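Student: have a look; sequence and predicted model below, questions after that.
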Amino acid sequence: MSSISPPMLFSSSPRPPPPQVLRVSSLYAAKPSFSDSMAASAPKWAQKTITLPPHHRGCHLITPKILNEIGSDLSGFKCGLAHLFLHHTSASLTINENYDSDVRDDTETFLNKIVPEGRSAPWKHTLEGPDDMPAHIKSSMFGCSLTIPITDGKLNMGTWQGIWLCEHRDYPTARKVVVTLNGI
């Protein structure tokens, strides 16, 4: 009697070896001990609402403003998360290039090409102007919140990363960002 091997669905070549196991060690591991006080290991919270001044249409680097506003609270966290939430539906937050402003300009150009506006655009929602519905779509594309790790009292972002506010309206207003810090 001959044995029948199972059919190969995608390739007749042998299976590749299994991936190597990646081992991750924790930078900050909690080690419970009766000698430790509860306060020393209890999570901390801080929250602040930051009002950003009106910015013209486009993408703007706001990392320095955010850090200036939360710096004293941020420095008290060894490990944690910073959550930023924008209170608006016609602007957005994202993390991107912090050095070359051409990236911000090119991003605005891209958004304007893929989301049409004006009288010929197909949008029904035009009560607040021809730039309003496109602003809502752009805001949904990038989103209104960010989560950034905190390490040793600093936002743990890459060398070239910065926090952007993207203003999608022609006539901007002040924007509010709630920053919540949580950690140890």
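Tutor: Yes, it's here. Numbers count the residues shown, from 1 in each chain.

Student: the lengthiest helix in the chain - contacts with which helices or strands?
Tutor: The longest helix of the chain (DSSP state H) is helix 101-114. Under the contact criterion of 3 or more Cβ pairs under 8 Å, 6 or more residues apart in numbering; DSSP states H and E, helix 101-114 touches strand 58-61, strand 91-97, strand 161-167. Every residue, glycine included, has its C-beta placed from N, CA and C.

Student: average pLDDT for the first one?
Tutor: What that stands for is strand 58-61. The average pLDDT for strand 58-61 rounds to 97.

Student: and it, how far out from the chain's middle?
Tutor: 14 Å (Cα atoms, centre = their mean, to the nearest Å).

Student: touching it from outside, list them.
Tutor: Residues from elsewhere that reach strand 58-61, judged by Cβ atoms under 8 Å, 6 or more residues apart in numbering: 94, 96, 98, 101, 104-105, 107-108, 162-167.

Student: what of stretch 74-82?
Tutor: So stretch 74-82 is contacted by 27-28, 43-44, 46, 67, 70, 147-155, 179-184 (Cβ under 8 Å, 6+ apart).

Student: same question for stretch 140-156.
Tutor: Counting by Cβ under 8 Å, 6+ apart, 27, 63, 67, 74-89, 91-95, 111, 115, 157, 163, 166, 181, 183 sit against stretch 140-156.

Student: buried among the contacts of strand 58-61? Need that as a selection in ChimeraX.
Tutor: To isolate the buried ones among these in ChimeraX, judged by 16 or more other Cβ atoms under 10 Å, type:
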select :96,98,104,107,108,162,163,164,165,166,167
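
Student: can I get the contacts of strand 58-61 in JSON lines with distance to residue 123?
Tutor: Below are the contacts of strand 58-61 laid out as JSON lines (distance: Cβ to Cβ, whole Å):
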{"residue": "94", "distance to residue 123": "23"}
{"residue": "96", "distance to residue 123": "26"}
{"residue": "98", "distance to residue 123": "33"}
{"residue": "101", "distance to residue 123": "30"}
{"residue": "104", "distance to residue 123": "25"}
{"residue": "105", "distance to residue 123": "25"}
{"residue": "107", "distance to residue 123": "21"}
{"residue": "108", "distance to residue 123": "19"}
{"residue": "162", "distance to residue 123": "31"}
{"residue": "163", "distance to residue 123": "29"}
{"residue": "164", "distance to residue 123": "25"}
{"residue": "165", "distance to residue 123": "23"}
{"residue": "166", "distance to residue 123": "19"}
{"residue": "167", "distance to residue 123": "19"}
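
Student: so can I have JSON lines of the contacts of strand 58-61 showing distance to residue 53 and pLDDT?
Tutor: JSON lines is the format used below for those (distance: Cβ to Cβ, whole Å; pLDDT from 0 to 100):
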{"residue": "94", "distance to residue 53": "19", "pLDDT": "98"}
{"residue": "96", "distance to residue 53": "21", "pLDDT": "97"}
{"residue": "98", "distance to residue 53": "19", "pLDDT": "93"}
{"residue": "101", "distance to residue 53": "18", "pLDDT": "94"}
{"residue": "104", "distance to residue 53": "17", "pLDDT": "97"}
{"residue": "105", "distance to residue 53": "20", "pLDDT": "97"}
{"residue": "107", "distance to residue 53": "21", "pLDDT": "97"}
{"residue": "108", "distance to residue 53": "19", "pLDDT": "96"}
{"residue": "162", "distance to residue 53": "18", "pLDDT": "98"}
{"residue": "163", "distance to residue 53": "15", "pLDDT": "98"}
{"residue": "164", "distance to residue 53": "15", "pLDDT": "98"}
{"residue": "165", "distance to residue 53": "10", "pLDDT": "98"}
{"residue": "166", "distance to residue 53": "15", "pLDDT": "98"}
{"residue": "167", "distance to residue 53": "11", "pLDDT": "98"}
